[in-house]
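Engineer: Fold the following and give me the result.
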Amino acid sequence: MTRIRTVVRDGARRTGRAAAALGRALGSRWRGWSRRRKSLVVALTALSVVLVPVGSAALALRLQYVGDPSPEARSRGRDALWLGHAWVDGRKSDADVAALAERLAGTGVRDLYVHTGPLEHDGSLPPAVHPRARWFTEAAHRALPGLRVQSWLGDEVKPEKDALDLEDAATRDRVTASARQVLDLGFDGVHFDMEPIRPGSAGWLALLDQVRPVTAGRGAKLSVAVPQLDPLPHQHTVAIALTDHGKWWDQAYFTATARRVDQIAVMTYDSSMPTEGFYGAYNAYQTELALEATPAETDLLMGLPFYWEDKWGHRGRAETVPAGIRGIRLGLGRQDPHRPNFGVGLYVDFAATEQNWADYRRDWVR
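Structural biologist: Below you'll find the model as predicted:
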């Protein structure tokens, strides 16, 4: 678990010692060198201080993908599928629900996260955005008995975006009212996906504390989609300082969130990993970190990309379902192979291919 951090720390120490030795060796010659030569030596030394720890971290990460997954690291029947907005806005029919039931037969999917929002920036939810929500909850309960149908609500969040302000009590009250609204439509739970929430946000935790009694009082579930965890210590702090974008959470804030919900789903895609091997290794490491940080009573789901995209943050040839599943299985087998309340989250139904479903059934459900 701590291997990557240890390798980086030891690599930095070795680099520091090497730089010191180099400095002593060059000291006697330094005065006679030209300014250009001195500048070159300083630049090369500084570059080695950066590259050696980074290279060590990359090697340690890649080694996370080595080995055979545990036979016990398979579906526990606690997986989830994110469903697009078409299911509640009138574009879907009873025939589509029947096809969905056929698609999910024999899989490990137990929860459906159905996009019912988005929320308005003030936290309210106009009924006009989900005119067929009641139809879908009733149709899904008939066709898919035993599956939970949760309402997926989300919005962009301040301070990074000029949108939902979770630090505002009145906004949190309206979000809570929106949660009651969707439960009244027959949903079995509320699934929040609000991005990007920065670790340390007191408003986010306060919202969960406010909504949890509402869902529990209805016998419903509260679940959340959350960012990846810091691959290196304080990486979220560095990223926010340099780019003003919060991509990761520290484990402490992850745990604070997980304690307040019934399910927590890590969005382990858009990783910027360059190859399948690195993506699988990254998933293994993220799975171990998340298992460490999730209380035993909370369901943990690791996200899988059921979509194709090819850009800097998401390499389609790297972020494949087989690589993601193999990594998740490796991480689960190493950290907690017998944990019962663990699953994968499939994102998203409208972009999924037949190959995605075949890979999921073969590598995870079997």
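Engineer: going forward, measure contacts and count neighbours with C-alpha atoms only.
Structural biologist: Noted.
Engineer: Now stretch 85-94 - C-alpha only, PDB.
Structural biologist: Written as PDB, here are the backbone C-alpha positions of stretch 85-94 (Å, rounded to 0.1, in the frame of the first residue of the first chain):
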ATOM      1  CA  HIS A  85     -31.400  11.300 -18.700                       C
ATOM      2  CA  ALA A  86     -33.300   9.700 -21.500                       C
ATOM      3  CA  TRP A  87     -35.000   7.300 -19.000                       C
ATOM      4  CA  VAL A  88     -36.900  10.100 -17.300                       C
ATOM      5  CA  ASP A  89     -37.500  12.700 -20.000                       C
ATOM      6  CA  GLY A  90     -39.800  10.800 -22.400                       C
ATOM      7  CA  ARG A  91     -37.300   9.300 -24.800                       C
ATOM      8  CA  LYS A  92     -37.600   5.700 -23.500                       C
ATOM      9  CA  SER A  93     -40.500   3.300 -23.600                       C
ATOM     10  CA  ASP A  94     -41.600   0.000 -22.000                       C
END
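Engineer: quick one: buried residues of it?
Structural biologist: H85, A86, W87, V88, D89 (16 or more other CA atoms under 10 Å).
Engineer: May I see those residues arranged in JSON lines, with secondary structure, pLDDT and distance to R180 as well?
Structural biologist: JSON lines is the format used below for the buried residues of stretch 85-94 (DSSP: H, G, I helix; E, B strand; the rest coil; pLDDT from 0 to 100; distance: CA to CA, whole Å):
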{"residue": "H85", "secondary structure": "helix", "pLDDT": "98", "distance to R180": "19"}
{"residue": "A86", "secondary structure": "helix", "pLDDT": "98", "distance to R180": "22"}
{"residue": "W87", "secondary structure": "helix", "pLDDT": "98", "distance to R180": "20"}
{"residue": "V88", "secondary structure": "coil", "pLDDT": "98", "distance to R180": "17"}
{"residue": "D89", "secondary structure": "coil", "pLDDT": "98", "distance to R180": "19"}
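Engineer: Wasn't Y113 part of a strand?
Structural biologist: Yes: using DSSP: H, G, I helix; E, B strand; the rest coil, the assignment for Y113 is a strand.
Engineer: Quick check: bridge partners of it?
Structural biologist: For Y113, the beta-bridge partners are W82, Q150 (DSSP bridges).
Engineer: My read is that it contacts W82, right?
Structural biologist: Yes: contact criterion CA atoms under 8 Å: Y113 and W82 qualify, at 4.7 Å.
Engineer: Got phi/psi on the residue nearest the centre of the chain?
Structural biologist: Of all residues in the chain, the one closest to the mean position by CA atoms, centre = their mean is M267, 2.0 Å from it. In terms of degrees, to the nearest 10, the main-chain angles of M267 are phi -80, psi 70.
Engineer: close enough to count as contact, it and G303?
Structural biologist: Yes: counting by CA under 8 Å, M267 touches G303, with 5.0 Å between them.
Engineer: residues touching Q210, list them.
Structural biologist: Contact analysis of Q210 by CA atoms under 8 Å, 6 or more residues apart in numbering lists T176.
Engineer: where's it, which helix or strand?
Structural biologist: helix 202-217 (DSSP states H and E).
Engineer: about what we covered before: please identify which of Y113 and W82 sits among more neighbours.
Structural biologist: Neighbour totals were compared for Y113 and W82, and Y113 leads with 26 against 19 (other CA atoms under 10 Å).
Engineer: mind checking how far the more buried one is from D79?
Structural biologist: For Y113, the distance to D79 equals 11 Å [CA to CA, to the nearest Å].
Engineer: which residues in the chain form strands?
Structural biologist: Assigned by DSSP state E, the strands in the chain fall at 79-83, 109-115, 148-156, 189-195, 221-226, 228-229, 248-249, 263-266, 299-305, 342-347.
Engineer: OK, contacts around the residue nearest to the centre of the chain?
Structural biologist: A225, V226, P227, Q228, M302, G303, L304.
Engineer: separation between the second one and I325?
Structural biologist: Read that as V226. Counting by CA to CA, the gap from V226 to I325 is 19 Å.
Engineer: Check V175 too.
Structural biologist: Applying CA to CA to V175 and I325 gives a distance of 34 Å.
Engineer: need the strands of the chain in TSV with mean pLDDT and distance to S124, can you?
Structural biologist: Formatted as TSV, the strands of the chain follow (pLDDT from 0 to 100; distance: least, CA to CA, whole Å):
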stretch	mean pLDDT	distance to S124
strand 79-83	98	21
strand 109-115	98	15
strand 148-156	98	10
strand 189-195	98	14
strand 221-226	98	18
strand 228-229	97	27
strand 248-249	96	27
strand 263-266	98	23
strand 299-305	98	27
strand 342-347	98	25
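Engineer: Redo those strands as TSV? Include distance to P274.
Structural biologist: Output for the strands of the chain, formatted as TSV (distance: least, CA to CA, whole Å):
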stretch	distance to P274
strand 79-83	25
strand 109-115	29
strand 148-156	27
strand 189-195	24
strand 221-226	22
strand 228-229	17
strand 248-249	18
strand 263-266	20
strand 299-305	15
strand 342-347	20
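Engineer: Let me know which of those strands is the nearest to H236.
Structural biologist: Taking CA to CA, strand 248-249 is the member of the strands of the chain nearest to H236, at 5.2 Å.
Engineer: can you list contacts of that closest one?
Structural biologist: With CA under 8 Å, 6+ apart as the criterion, strand 248-249 contacts R198, P199, P227, Q228, L229, D230, Q235, H236.
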